[in-house]
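K.L.:
A structural model of the following input is requested.
(chains A and B)
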2 protein chains.
Amino acid sequence: MTNESDIAEIGETRPDPNALRGPDDHLNQEWIERLRAHLSAGEEHDVAEMMEPLHAADAGDVLEALEQDERVALVQMLGDKFDYLALTEVDDNVRTDLIEELPTEDVARGVATLDNDDAVYILEDMDAGDREEILAQLPAFERLSLKRSLDFPEDSAGRRMQTDFIAIPPFWTVGQTIDYLRVEKDLPDEFYQLYVVDPSYRVLGTIPLDKFLRAKRQVRIENLMNHDVLTVEATEDQEEAARDFERYDLVEVGVIDENKRLVGVLTVDDIVDVIHEEATEDIKLLGGVGDEELSDNVLSTVRSRAPWLVVNLFTAMLASFVISLFNATIEQMVALAALMPIVASMGGNAGTQTMTVTVRALATRDLDRGRVRRLILREVTGGFLNGCIFAVLIGAVTWLRYANPGLGMVIGLAMIINMIAAGSAGILIPLALNRLKVDPAIASSVFVTTVTDVIGFFAFLGIAGLWFGLF
Amino acid sequence: MTNESDIAEIGETRPDPNALRGPDDHLNQEWIERLRAHLSAGEEHDVAEMMEPLHAADAGDVLEALEQDERVALVQMLGDKFDYLALTEVDDNVRTDLIEELPTEDVARGVATLDNDDAVYILEDMDAGDREEILAQLPAFERLSLKRSLDFPEDSAGRRMQTDFIAIPPFWTVGQTIDYLRVEKDLPDEFYQLYVVDPSYRVLGTIPLDKFLRAKRQVRIENLMNHDVLTVEATEDQEEAARDFERYDLVEVGVIDENKRLVGVLTVDDIVDVIHEEATEDIKLLGGVGDEELSDNVLSTVRSRAPWLVVNLFTAMLASFVISLFNATIEQMVALAALMPIVASMGGNAGTQTMTVTVRALATRDLDRGRVRRLILREVTGGFLNGCIFAVLIGAVTWLRYANPGLGMVIGLAMIINMIAAGSAGILIPLALNRLKVDPAIASSVFVTTVTDVIGFFAFLGIAGLWFGLF
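P.N.:
As a prediction, this is how the structure comes out:
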């Protein structure tokens, strides 16, 4: 993305030392160092000059690049010029630590300048005491509206919604509406459609702005509106709302309360963030990482990752126990010890492949019941085919390496068995977890590798024992 | 999401057998079966009645739920009533197979009804011959505009852009513009901002519709427009454009060619799909799965996953080779064979955790250079701490299980070493790949587990050999 005014100034090839971002989209360290210097010298005017032109998202990135004491200094130095919207763009840690060090009056004044949804985003993570203190300093109308949003469950549409919207009666004309929009001061900052409501604020229809714009002044609203209205319930999970935005290419949707009254709107910019966060969450869960952030310190990282490692320790001890059942076998033929991890590892990888595809398909609701049976069949057959291919490969290598055709047969057979197990576990475990209402991204990986480890070791050592008469 | 008209009809508790989707958001199998019955009975009218009210996204899901011959029958039965937009909502396989069976004239007529970006989406995956045939049957203006879009690189902004947009001169008034919008027939279906351009179509400014709506008729466009215009170059990757939408909360952005002329617009609904696809791609790559789809058959699945498994086979053979260096040691103390996978497996998991966080941070551009050093330090220290914790745990268990305190010490020491290796490899490998311009999501996993396997086996068996004097 290029800023037209920049192009004229700087040309395209040389990176601009005054630009916030380098050509690779990363923050320009020179810029940050200059800001740091102005900050520590207390040069208010220069700091303001650097920060004021920034979009809130960029200001947030700048805050993250600074140290905690510099962040506090920056916000205090900018005073009312600091845009609190930037706090919605930083890691939760950074925000929490920063807000704790700022005077409550400042935070209250900053939050008061924000849209309802952004204010909620900042308030929802604070501890109850601080939150009440800040709410108490806000004007009554804003306080009530924020409290209502905060009463909805975490990650619900009600928490993410913007409570300013444009609601008009069906009997108005386009002209009346335009006049109202031109005169009325208290309108949302940005809006993409108008809501046609009855006296109790139930949605009768919507009108996208582009359609509205092209209508003649005398047209009546009820003749212009779409009757096929989609709405989201305020208590609905933001992830479900996001799926609707994706599926139906929405830009804005009305949020209704339990009485079907319009209480707010969700806009696509918030939904883009939701989609992004949910993807990050899934990726982290699949990698065995919980709700951690880049700005976490080492202790909270260790703490958040420990549960997964503990579970894996039990799994590994189980696999170890399976191996120790075959101690006598291994003692008679030590080559088995070196070969056994190959079967387990190949199964683990194949199982992870199947599991990844299944978990993602479940997360995106692409896996309809009609397709499940076909997919199970595909994965089990695929496991068998993979098993055959890699049985031949590893069997031949083993035969040559140990000059022992029997050992090649044994590892090949074990490979086929474990690859079928991998394909089956890779699809059946996520499906079962999903049916039990457990997020398959959380737990599938550990179960799948447990299966492939245990079956891998057991099949290989067991078949070897039988084949070579080592029991 | 609820459709208001449905609520009135059906109440909220009982699932509606006539609804396309059940309460869990999955397709209603009853509905699909009913469609199937009408299809095979050739009941055109009933089929049309079921399909016509559907949104294109839902029609796409229905197509996916059918068998290939039913899909062809459905499209042919609906004739001109079939909305080709549905083809942009299905897996590539499904689309390709379906289009191959349809007469070219039908496809050309269907594609002609689509917006430019949707038509490109369908045409870009076809083989060149079929594409040319279809293009040849389109009106000249559309053909040229589609060809221009198709000339941009795959996954570029130029491929995804919509070529209809509203461009107006700066000297018009709001009133003149509204009159133009009311009269002009050839406008985009949906638009969120107006583009103010000079005679050579360079963007001078933009006006969001909500702002435009609230301006008086006599206001001049140049006094209303935003001067701070963001644009995207047509050759830019769609992923980069998506990052701009996310960062700056955009709904629509202009796309410019190499002469800085406005050639199209990107809208947020396409970008939502891009964000979704890119997340899916990253998740699949991390799980060792390439560019496969749910509708792939077993052979293409096996083929697409094989490369990763082959790489893993080499890795596993390397680990196996490391173990075989210690054959003599294991022969003297067979308990080592059962214990050694524990060290390797814990390292593999810890390394994957660090790698997952790093890869995601790189993908989302959250990992600025200023934060890298701190993060490396955090991961290496975290690895050491985790190593100490799990050294104590597994050391104690091993001591008790084998009544051998020395063995407990050995496995503990090996655990500490491998956890430090895991933390270091988990962050340094993705960073190195990223610097080499390789997508770290593709290759990090295999490198990281190779490191933790090799170091895990080597450290454990090596320390054991030294400790017990087994060499």
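
K.L.:
now for A:Asp92: which residues touch it?
P.N.:
Shown in contact with A:Asp92 (C-beta atoms under 8 Å, 6 or more residues apart in numbering or on different chains): A:125, A:293. C-beta here means a position set from N, CA and C on the backbone, and glycine is covered the same way.

K.L.:
now the residue in the stretch 201-350 of chain A positioned nearest to chain B: phi and psi?
P.N.:
Closest residue of the stretch 201-350 of chain A to chain B, C-beta to the nearest C-beta: A:Gly287 (2.6 Å). Phi and psi for A:Gly287, reported as degrees, to the nearest 10, are phi -90, psi 0.

K.L.:
so what's the residue count around the residue nearest to it when sequence neighbours are not counted?
P.N.:
Once flanking residues are discounted, A:Gly287 sits nearest to B:Thr356: 2.6 Å by C-beta to C-beta, 6 or more residues apart in numbering or on different chains. Using other C-beta atoms under 10 Å in any protein chain shown, B:Thr356 is surrounded by 24 other residues.

K.L.:
ok, now A:Gln193?
P.N.:
A count of neighbours around A:Gln193, defined by other C-beta under 10 Å, yields 25.

K.L.:
dump the residue contacts of it.
P.N.:
By C-beta under 8 Å, 6+ apart, the contact set of A:Gln193 is A:206-209, A:251-252.

K.L.:
now A:Pro341
P.N.:
By C-beta under 8 Å, 6+ apart, the residues touching A:Pro341 are B:316, B:319-320, B:323, B:341, B:344, B:453.

K.L.:
in strands, which of the contacts of A:Gln193 appear?
P.N.:
Judged by DSSP state E, the subset of the contacts of A:Gln193 located in strands is A:206-208, A:252.

K.L.:
what's the farthest-apart pair in those residues?
P.N.:
Among the ones in strands among the contacts of A:Gln193, the pair separated by the greatest distance (C-beta to C-beta) is A:Ile207 and A:Glu252, at 11.4 Å.

K.L.:
show me which of the ones in strands among the contacts of A:Gln193 neighbour chain B.
P.N.:
A:Pro208 (C-beta under 8 Å from any C-beta of the partner chain).

K.L.:
could you give me the buried positions within the strand or helix carrying A:Glu70?
P.N.:
According to DSSP states H and E, A:Glu70 maps onto helix A:68-78. Neighbour counts using 16 or more other C-beta atoms under 10 Å in any protein chain shown place A:70-75, A:77-78 of helix A:68-78 among the buried residues.

K.L.:
worst mean pLDDT across the helices and strands of chain A, which element?
P.N.:
Within chain A, no helix or strand scores below helix A:4-10, which has a mean of 40 by mean pLDDT, DSSP states H and E.

K.L.:
where do the strands sit along chain A?
P.N.:
Along chain A, the segments classed as strands by DSSP E run A:2-3, A:167-168, A:193-197, A:203-208, A:230-233, A:252-256, A:262-267.

K.L.:
for my notes, please list these in a markdown table and give mean pLDDT for each entry.
P.N.:
Conversion of those to a markdown table gives the following (pLDDT from 0 to 100):
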| stretch | mean pLDDT |
| --- | --- |
| strand A:2-3 | 47 |
| strand A:167-168 | 94 |
| strand A:193-197 | 95 |
| strand A:203-208 | 94 |
| strand A:230-233 | 93 |
| strand A:252-256 | 95 |
| strand A:262-267 | 94 |
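
K.L.:
mind putting these into TSV with distance to A:Ala242?
P.N.:
Shown next, in TSV, are the strands of chain A (distance: least, C-beta to C-beta, whole Å):
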stretch	distance to A:Ala242
strand A:2-3	30
strand A:167-168	24
strand A:193-197	18
strand A:203-208	19
strand A:230-233	10
strand A:252-256	11
strand A:262-267	9
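
K.L.:
returning to that earlier point: what residues does the helix holding A:Glu70 touch?
P.N.:
Residues outside helix A:68-78 that contact it (C-beta under 8 Å, 6+ apart) are A:35-36, A:39-40, A:42, A:44, A:47-48, A:51, A:63, A:66, A:82, A:94, A:97-98, A:101-102, A:106.

K.L.:
quick one, helices of the stretch 351-471 of chain A?
P.N.:
Under the criterion DSSP state H, counting those that start in this stretch, the stretch 351-471 of chain A contains helices at A:369-402, A:405-435, A:440-467.

K.L.:
quick one, which of the ones you listed gets closest to B:Gln162.
P.N.:
Closest among the helices of the stretch 351-471 of chain A, using C-beta to C-beta: helix A:369-402, at 31.7 Å.

K.L.:
picking up where we left off before, average pLDDT for the helix holding A:Glu70?
P.N.:
Helix A:68-78 comes out with an average pLDDT of 92.

K.L.:
now do that helix: distance to the chain's middle.
P.N.:
29 Å (C-alpha atoms, centre = their mean, to the nearest Å).

K.L.:
then stretch A:60-72?
P.N.:
Taking C-alpha atoms, centre = their mean, one finds the center of stretch A:60-72 at 23 Å from the center of the full chain.

K.L.:
now the end-to-end length of that stretch.
P.N.:
Start to finish, the residues bounding stretch A:60-72 are 13 Å apart (C-alpha to C-alpha, to the nearest Å).

K.L.:
just the closest residue of the stretch 351-471 of chain A to chain B, please.
P.N.:
Residue nearest to chain B within the stretch 351-471 of chain A: A:Thr356 (2.6 Å; C-beta to the nearest C-beta).

K.L.:
would you mind listing what in the stretch 101-250 of chain A touches chain B?
P.N.:
For the stretch 101-250 of chain A, the contact set with chain B under C-beta under 8 Å from any C-beta comprises A:178, A:181-182, A:187-188, A:190-192, A:203, A:208-210, A:212-216, A:227-233, A:236, A:240-241, A:243-250.

K.L.:
pull out the buried members of those.
P.N.:
Buried members of those, counted by 16+ other C-beta under 10 Å: A:178, A:181, A:188, A:190-192, A:203, A:208-210, A:212-215, A:229-233, A:236, A:241, A:243-247, A:249-250.

K.L.:
in helices, which of these appear?
P.N.:
Judged by DSSP state H, those include A:178, A:181, A:209-210, A:212-213, A:241, A:243-247 as members of helices.

K.L.:
now for those residues: which two are most distant?
P.N.:
The widest separation within those (C-beta to C-beta) is 34.6 Å, between A:Ile178 and A:Arg243.

K.L.:
low-confidence ranges in the stretch 1-150 of chain A?
P.N.:
The model of the stretch 1-150 of chain A has pLDDT under 70 over residues A:1-15.

K.L.:
how about the helices of it, start to end?
P.N.:
With DSSP H, counting those that start in this stretch, the ranges of helices along the stretch 1-150 of chain A come out as A:4-10, A:29-40, A:44-51, A:56-65, A:68-78, A:92-101, A:104-112, A:116-123, A:128-136, A:140-151.

K.L.:
tell me which residues in the second one are buried?
P.N.:
Burial within helix A:29-40, assessed by neighbour count using 16+ other C-beta under 10 Å, is assigned to A:31-32, A:34-36, A:38-39.

K.L.:
packing partners of that helix?
P.N.:
With contacts taken as 3 or more C-beta pairs under 8 Å, 6 or more residues apart in numbering or on different chains; DSSP states H and E, helix A:29-40 sits against helix A:44-51, helix A:56-65, helix A:68-78, helix B:369-402.

K.L.:
now do the residue positioned nearest the centre of chain A, the pLDDT please.
P.N.:
With distances taken as C-alpha atoms, centre = their mean, A:Glu277 lies nearest the centre of chain A, 2.0 Å away. On the pLDDT scale, A:Glu277 is placed at 87.

K.L.:
same question for the one 4 residues further on.
P.N.:
Confidence per residue is given as pLDDT, and for A:Glu281 that number is 89.

K.L.:
what's the burial count for it?
P.N.:
Neighbourhood size, A:Glu281 [other C-beta under 10 Å]: 19.

K.L.:
can you give me the separation between it and A:Asp155?
P.N.:
For A:Glu281, the distance to A:Asp155 (C-beta to C-beta, to the nearest Å) stands at 10 Å.

K.L.:
tell me the buried residues in stretch A:294-304?
P.N.:
Burial within stretch A:294-304, assessed by neighbour count using 16+ other C-beta under 10 Å, is assigned to A:294-296, A:298, A:301-302, A:304.
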